[in-house]
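Participant: I would like the atomic coordinates for the input below:
(chains A and B)
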Amino acid sequence: MVRYLAKGYLWALLVLLYSPILIIMIFSFTEAKVLGNWTGFSTKLYSSLFAGNVQHSLVSALWNTFAIAMIAATVSTLLGSVAAIGIFNLKARARNAVSFINNIPMLNPDIITGISLFLLFVSLGISQGFTTVVLAHITFCTPYVVLSVMPRLKQMNQNIYEAALDLGATPFQALRKVIFPEIRPGMISGFILAFTLSIDDFAVTIFTIGNEGLETLSTFIYADARKGGLTPELRPLSTIIFVTVLVLLIVINKRAEKAKRA
Amino acid sequence: MINTFSAFFMRRRNWTIPYVLFLAIFVVIPLILIVYYAFTNDEGMFTLVNFRKFMIHPEAINTFVYSVGIALITTILCLLLGYPAAWILSQARFNTSRTMVVLFILPMWVNILIRTLATVALFDFLNFPLGEGALIFGMVYNFLPFMIYPIYNTLQKMDHSLIEAAQDLGANPLQVFIKAVFPLSMPGVVSGIMMVFMPTISTFAIAELLTMNNIKLFGTTIQENINNGMWNYGAALSLIMLLLIGITGLFSNESSDSANEGGLI
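Facilitator: Here you go, the predicted model:
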């Protein structure tokens, strides 16, 4: 009895959580401009989203989002990993100080990070656009990379790096052959985290994107929603994004479960 | 030249330097700039006028108090709805699969604006009026996963022998929960509260979308001022928000030092 009640509660919550997304998915298969009007089954919204001749502005916003996420995640992974190795070798007091500052972007609300960077760019007279968005994303992504690489360094045997140097390796070789293989899993999870954080971001982006017409997915949706009418093509796009994330997460989880059992 | 360069990077602690410079430029200086702008006027002269403006401006104060209220209600609702869910998910006897857990945390990976617009679509579909009710529902819908996940994590890692001990010593299920399970899950609860309260207090855009621009939250006030070129006043409002968040953070640190054990990552 309790068991059914418990399961029932979970399913009720899931229905509540997913009903908005389901509505969007269902109405992505009809042509009506206004959501909620069912004018018969159609995949026209999907084809007009990817129509070859007139590329939808939504698609270019999507490409910008991916480009920014790719650059920001790559740079923060490199910067954060090098920094983690350095921080790990600092003396306790300096290490605590750097770790404290490293925590600030994670604890700050997005809006504060966004405004503080906006003030930095206007004070320096830098015009805002693609570069400033990438810099801002690196700022809030790198701390997460540092945090995911750090445990790997702690688990590593400290003597093997010294051994490599004693055996005549240059510091660069020792880094590549000894440290890098050890911290690689941390770097990969840091990269994935940075990538998703960057794709999801809205608050920091809106303050650093300037007004030269550059749009990411988030700012496009925001501008669109403020105009009142939502582009109908958002429905198929959201559906595609949602299904992709769902499949990816379930696959990753199944693999993790299998790895655990093996 | 190359020798001094490589000698410099021989010392691995020097590898911190690029990132320290980066942090100084993109984290420390920008925060100092918020303080600087908050305490100066357009000509760069020291002034407290920005804070006075907030104090004597009933609309700004009202928005601030209202936002704190909405954030508190959202946090409490998330806790009341999320705790039982996290508990059921963590109990082996209910035989819930990992996939179920994934389904609960999945919405965290969907863009917050898309999630909000989906909620708006649902309300439109059901002819539910957009307003305060919609705002609170939308916030709970957006942030519930952030409450469930950390609580689930601590409940799952919990030492079950303590619960068995309580049962053996004759505690009834309610007593076991109040005296053993709930106190042990506190780190997760605290980190869940932080993860819901902090974003709700600072959101903008979401409230506008959910209420057709009828209800303004503090985050929106800040954003509007910055957008309209009122940088000094906007910076002062940001500083007030930072202060509130700092106080909340201190409070949660005191109640649990191991709060990040239940954290997201």
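
Participant: State the distance from A:Ser48 to A:Ile68.
Facilitator: 25 Å (C-beta to C-beta, to the nearest Å). Where C-beta positions appear, they are placed from N, C-alpha and C, glycine not excepted.

Participant: Of those two, which one has the most company?
Facilitator: A:Ile68 (22 against 14; other C-beta atoms under 10 Å in any protein chain shown).

Participant: so what's the more buried one up against?
Facilitator: Contacts for A:Ile68 (C-beta atoms under 8 Å, 6 or more residues apart in numbering or on different chains) come out as A:Phe130, A:Val133, A:Val134, A:His137, A:Ser198, A:Thr216.

Participant: ok, the second one - contacts?
Facilitator: Listed by C-beta under 8 Å, 6+ apart, the contact set of A:Val133 reads A:Ile68, A:Thr205, A:Thr208, A:Ile209, A:Leu214, A:Thr216.

Participant: what helix or strand is residue 100 on?
Facilitator: With no chain named, the answer covers chain A. helix A:92-107 (DSSP states H and E).

Participant: Hmm, no, I was thinking of chain B.
Facilitator: Assigned by DSSP H and E, B:Met100 belongs to helix B:98-105.

Participant: Point out where chain B drops to low pLDDT.
Facilitator: B:1-3, B:5-7, B:9-10, B:92, B:94-96, B:253-265 (pLDDT under 70).

Participant: What's the separation between the most centrally placed residue in it and A:Leu214?
Facilitator: By C-alpha atoms, centre = their mean, chain B has its centre lying nearest to B:Met198, at 2.9 Å. The gap separating B:Met198 from A:Leu214 is 28 Å, by C-beta to C-beta.

Participant: same thing with B:Leu106?
Facilitator: Taking C-beta to C-beta, one finds B:Leu106 at 29 Å from A:Leu214.

Participant: repeat for B:Pro150
Facilitator: For B:Pro150 relative to A:Leu214 (C-beta to C-beta), the value is 35 Å.

Participant: quick revisit: packing partners of the helix holding B:Met100?
Facilitator: Secondary-structure packing of helix B:98-105 (3 or more C-beta pairs under 8 Å, 6 or more residues apart in numbering or on different chains; DSSP states H and E): helix A:2-26, helix A:234-261, helix B:58-90, helix B:132-157.

Participant: and residue 18, what is it in contact with?
Facilitator: By default, I'm working from chain A. B:Pro107.

Participant: The intended chain is chain B.
Facilitator: A:Leu79, A:Val82, A:Ala83.

Participant: Pretty sure it sits in a strand.
Facilitator: No. Read with DSSP: H, G, I helix; E, B strand; the rest coil, B:Pro18 is helix and lies in no strand.

Participant: quick one, phi psi at A:Phe41?
Facilitator: Reported as degrees, to the nearest 10, the phi and psi values for A:Phe41 are phi -70, psi 140.

Participant: Pull the contacting residues for it.
Facilitator: Counting by C-beta under 8 Å, 6+ apart, A:Phe41 makes contact with A:Phe29, A:Thr30.

Participant: Residues in a beta bridge with it, which ones?
Facilitator: Counting by DSSP bridges, A:Phe41 forms beta bridges with A:Thr30.

Participant: Distance of A:Arg3 relative to chain B?
Facilitator: Remark: distance between A:Arg3 and chain B (C-beta to the nearest C-beta, to the nearest Å) = 6 Å.

Participant: Oops, could you answer that again for A:Ala169 instead?
Facilitator: 12 Å.

Participant: between B:Pro150 and A:Leu214, who's got more neighbours?
Facilitator: Neighbour tally, B:Pro150 and A:Leu214, criterion other C-beta under 10 Å: the higher count belongs to B:Pro150, 28 against 18.

Participant: The more buried one contacts B:Val196, correct?
Facilitator: No. Using C-beta atoms under 8 Å, B:Pro150 makes no contact with B:Val196, being 9.8 Å away.

Participant: ok and the residue in the stretch 51-200 of chain B nearest chain A?
Facilitator: Closest to chain A within the stretch 51-200 of chain B is B:Ala118: 3.4 Å, counting by C-beta to the nearest C-beta.

Participant: give the contact list for that residue.
Facilitator: Per C-beta under 8 Å, 6+ apart, neighbours of B:Ala118: A:Pro20, A:Ile21, A:Ile23, A:Ile24, A:Ser238.

Participant: 10 Å instead, please
Facilitator: A:18-25, A:35, A:235, A:238, A:242, B:107, B:110, B:138, B:141 (C-beta atoms under 10 Å, 6 or more residues apart in numbering or on different chains).

Participant: and these, which are buried?
Facilitator: Applying 16 or more other C-beta atoms under 10 Å in any protein chain shown to the contacts of B:Ala118, the neighbour count classes A:18-21, A:23-25, A:35, A:235, A:238, A:242, B:107, B:110, B:138, B:141 as buried.

Participant: and A:His137, how many neighbours?
Facilitator: 27.

Participant: swap in A:Lys44?
Facilitator: 14.

Participant: what residues are up against it?
Facilitator: Residues in contact with A:Lys44 (C-beta under 10 Å, 6+ apart) are A:Phe29, A:Thr30, A:Glu31, A:Ala51, A:Pro232, A:Glu233, A:Pro236.

Participant: Buried residues, stretch B:110-128. List them.
Facilitator: Within stretch B:110-128, the residues scored as buried using 16+ other C-beta under 10 Å are B:110-123.

Participant: That should have said stretch B:150-169, apologies.
Facilitator: For stretch B:150-169, by 16+ other C-beta under 10 Å, it's B:Pro150, B:Ile151, B:Tyr152, B:Asn153, B:Thr154, B:Leu155, B:Gln156, B:Met158, B:Ile163, B:Ala166.

Participant: Once you drop chain neighbours, what's closest to the third one?
Facilitator: Nearest in space to B:Tyr152, with sequence neighbours left out and distances taken as C-beta to C-beta, 6 or more residues apart in numbering or on different chains, is B:Ala86 at 4.1 Å.
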